[in-house]
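Trainee: How does the following fold in three dimensions:
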Amino acid sequence: MMRMNNKTVLFAGIIPVLLYAACGSSQNDVPATVTFTEHVAPILYSNCTFCHRPGGSAHFSLVTYEDARRNGGAAAYVVKERIMPPWPADPHYTTFLGQRVMSDRDIAIIEKWSTEGMPQGPADKMLALPKYPVGSENGTPDMRIPVQPFFLKANSNDRFLLVKVPFELPADTFASLIEFVPGKSNIVHHVNGDMVKYEFDKKKNVFDGERVLDMAEDTASLLQAFQRLGLPNDDGTYPVLQKSVVNYLPGAVGQKYPEGIGGYFLPRKGVFLLNDMHYGFTNKDDVWDSSYINVFFAKTPPNRPVQEFQIGTLSSFGTAPVLPDLIIQPNTIKPVYSKYTIPEDISILTINPHMHLLGKSFKAYALKPDGDTIRLISIPRWDFNWQYFYTFLKMLKIPKGSTIIAEGVYDNTRQNLNNPFSPPQLVRDRNGSMKATDEMFQFIVTYLPYQPGDENISLEHK
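Mentor: Below you'll find the predicted structure:
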């Protein structure tokens, strides 16, 4: 579940960091002589080369001996400090699917190799590079739809776009996953996308209309924007809109659930409506972004569609705001929280914490009516560049009457190297502004109404 953002460089973490408890540099069971082919390559191939390879999302490779030797010292530092592999969640608090956390032994091996001359080792011990999926961490999609390429000049500010991605299929079908994949430019900050579902005879050509509108310049009237995009039916009425179908955050990977859980009905004619496609700063060269959408068809129709709610900024209920407020004065560190009491038994599948550049830490848990605590997630060192959708190993039952609590801390001081302002300025949420220089505090929960036995169902997709 690793994805490299262009703001994340190998040396970015050369500052004092908080180490996970009980994750020190152990020398237990480390060979007397450590070589690349026998010891280091297997560790890199298991933890690093998913991104650090030709065609991967990282900006350099760790596949060959020469690759690793050139970066050996830096690699030893970032794995010892647990900056890499990037996995912000504390693995001692909660365990999730797909987490990449190096063992103490593996870290000690890389550290020993880097300080003892980085020997290559016998060639006949070298492993073959694993086969990696192309264009998706979920395998080979059944359909790939390009998003309209978009050009950004160097030093561009945030851009928020309304983007139409039409499709037409031979027949109605179902999808287990609809996945947004950002282009290689690494400038997509986030995407919130819906699906427009047409009745076949009510829309002759879903490809008519404009494809991209700038939300700051072209969307004074959302109704007019929809008309310019050609979204209405041919008779002027509007089709069904299904919310929150295709979303993206830096580091996030679309989650496939077991057959029958989640998924979407796909009409023969439709449109993915990226109603909030956010490009962040471009501070180097002019760039073209060529993102795309992957669709994975389902073998069987989903019989348990997932549901979602969020607390904090733009709360789903209006009753779970950020408290005391999300107004962060300059030169201060501020804690906030949000909470919501659930009205029914639920089974949680996936959670997604969200903050911006001033985020310092995040923690979420549920308090049961009897006072017991159910751990959800702890991120002791927030990293804006890595914001995963975390999926539990098995469905997690939260009983009716439990209160889900999310706690965050914001650092608006000079010591926060991600602070977008120097000197620090007042930062707030600005009614849900998506700009990275404003702030958000959200905890998004993907769940199902509870059924007996849910807690025994593995969420690993076979």
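Trainee: For the top helix by length along the chain, list every residue counted as buried.
Mentor: The single longest helix within the chain, with elements called by DSSP state H, is helix 104-115. With burial defined by 16 or more other C-beta atoms under 10 Å, the residues of helix 104-115 counted as buried are Asp104, Asp106, Ile107, Ala108, Ile109, Ile110, Glu111, Lys112, Trp113, Ser114. Just so you know, the C-beta spots here come from the backbone N, C-alpha and C atoms, and that holds for glycine as well.
Trainee: Next, find the distance separating the second one from Val30.
Mentor: What that stands for is Asp106. 10 Å (C-beta to C-beta, to the nearest Å).
Trainee: Include distance to Ile145 and pLDDT when you put the buried residues of helix 104-115 into CSV, please.
Mentor: CSV is the format used below for those (distance: C-beta to C-beta, whole Å; pLDDT from 0 to 100):
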residue, distance to Ile145, pLDDT
Asp104, 44, 92
Asp106, 39, 95
Ile107, 41, 94
Ala108, 46, 95
Ile109, 43, 95
Ile110, 40, 95
Glu111, 45, 95
Lys112, 48, 94
Trp113, 44, 96
Ser114, 44, 94
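Trainee: what's the closest of those residues to Asp411?
Mentor: Ile107 (27.2 Å; C-beta to C-beta).
Trainee: Need the pLDDT of the most centrally placed residue in the chain.
Mentor: Of all residues in the chain, the one closest to the mean position by C-alpha atoms, centre = their mean is Ala252, 1.8 Å from it. You'll see Ala252 listed with a pLDDT of 72.
Trainee: what sits against it?
Mentor: Ala252 makes contact with Arg3, Asn352, Gln387, Tyr388, Phe389 under the criterion C-beta atoms under 8 Å, 6 or more residues apart in numbering.
Trainee: which of those residues tops the neighbour count?
Mentor: Ranked by neighbour count (other C-beta atoms under 10 Å), the contacts of Ala252 have Tyr388 at the top, with 27 neighbours.
Trainee: Surely it is in contact with Gly254?
Mentor: No - using C-beta atoms under 8 Å, Tyr388 is not in contact with Gly254, being 11.2 Å away.
Trainee: from the middle of its chain, how far away would the particular helix or strand that has Tyr77 in it be?
Mentor: In the assignment (DSSP states H and E), Tyr77 maps to helix 72-80. Centre-to-centre, helix 72-80 and its host chain are 24 Å apart (C-alpha atoms, centre = their mean, to the nearest Å).
Trainee: Mind listing what's buried along that helix?
Mentor: For helix 72-80, by 16+ other C-beta under 10 Å, it's Gly72, Ala75, Ala76, Tyr77, Val78, Val79, Lys80.
Trainee: low-confidence ranges in the stretch 251-400 of the chain?
Mentor: Applying pLDDT under 70 to the stretch 251-400 of the chain flags the ranges 251, 281-284.
Trainee: Tell me the secondary structure at Glu38.
Mentor: For Glu38, the assignment made with DSSP: H, G, I helix; E, B strand; the rest coil gives helix.
Trainee: ok so, going back, relative to Val246, how far out is the residue nearest to the centre of the chain?
Mentor: Counting by C-beta to C-beta, the gap from Ala252 to Val246 is 11 Å.
Trainee: Check the closest residue to Glu210 other than its chain neighbours and give its pLDDT.
Mentor: Once flanking residues are discounted, Glu210 sits nearest to Arg228: 5.1 Å by C-beta to C-beta, 6 or more residues apart in numbering. pLDDT, Arg228: 93.
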